[in-house]
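1. compute the structure for the input listed below.
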Amino acid sequence: MSGPRVMAFVAHSGTGKTTLVEALIKLATERGLRVGALKHDAHRFDMDRPGKDSHRFTTAGAAVTIVAADDKLALVRRHETCPPVVDLVARHAADLDLVLVEGWKTSTLPRIEVHRPSLGRPLLDAEHPHLVAVAADAPVAAPVPVLDLNDPAAVLSFILDRAEAP
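-> Predicted structure coming up:
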């Protein structure tokens, strides 16, 4: 097994990336696929809540804190810079069928740009070498296929036909 198929989604904020990725996860899992989602957060986030044991461990200086239950686990790992997304896929999602990535605009992953012409913004980078499609809610001139943003099943079919392991 060479690893999961991976597709990234990029867009201006407020365009609907998360809504599309959420719909794709639901559709793919209904088809029996094991799906992962990776989100890049340019802002510092904190999953730990003050007062919880995990927060206390992290605050005390733990480089890694893992909270595990029968049905899921959470990992908090401190680092100086965000690891490359391909490393995260290899380390945490290698056993999945499909990984959908939101963000990581600087990665070399194949990407679909989510675009809403009605918002009056241009495409982020229509000439990006890793852009494989645009998912839009209206016609748009693009050098790659334009998918119907309102038809997540068609977007998923495109991804499954196109996506490869990184």
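2. list the contacts of the residue nearest the centre of the chain.
-> The residue lying closest to the centre of the chain (CA atoms, centre = their mean) is Val101, at 1.6 Å. By CB atoms under 8 Å, 6 or more residues apart in numbering, the contact set of Val101 is 6-9, 37-40, 85, 89, 107, 109. To be clear about C-beta, it is placed using only N, CA and C from the backbone, and glycine gets the same treatment.
3. again, 10 Å this time
-> Applying CB atoms under 10 Å, 6 or more residues apart in numbering to Val101 gives the contacts 6-10, 21, 36-40, 85-86, 88-89, 93, 107, 109-111, 166.
4. which of those fall in strands?
-> 6-10, 36-39, 111 (DSSP state E).
5. drop the exposed ones from the residues you listed and show what's left.
-> The neighbour-count test (16 or more other CB atoms under 10 Å) marks 6-10, 36-38, 111 as buried among these.
6. which of those sit farthest apart?
-> Greatest spatial distance among those (CB to CB): Val10 and Gly36, at 17.7 Å.
7. quick one: low-confidence residue ranges for the chain.
-> 1, 41-48, 163-166 (pLDDT under 70).
8. residue at max distance from the center of it?
-> Distance-from-mean max, the chain, by CA atoms, centre = their mean: Ala60 at 30.8 Å.
9. and it, what are its phi and psi?
-> Dihedral pair for Ala60: phi -70, psi -10, per degrees, to the nearest 10.
10. check contacts around it.
-> If you count contacts by CB under 10 Å, 6+ apart, then Ala60 has nothing around it.
11. do you know how far it is from Glu80?
-> According to CB to CB, to the nearest Å, Ala60 and Glu80 sit 19 Å apart.
12. what does Asp161 give?
-> 38 Å.
13. those two: which is more packed in?
-> For Asp161 versus Glu80, the count of surrounding residues by other CB atoms under 10 Å is larger for Asp161: 8 against 4.
14. what sits against the spatially closest residue to Thr29 that is not a sequence neighbour?
-> Distance criterion CB to CB, 6 or more residues apart in numbering; nearest residue to Thr29, sequence neighbours excluded, is Val35 at 5.6 Å. Contacts for Val35 (CB under 10 Å, 6+ apart) come out as 4, 21, 24-29, 93, 96-100.
15. cheers, nothing more for now.
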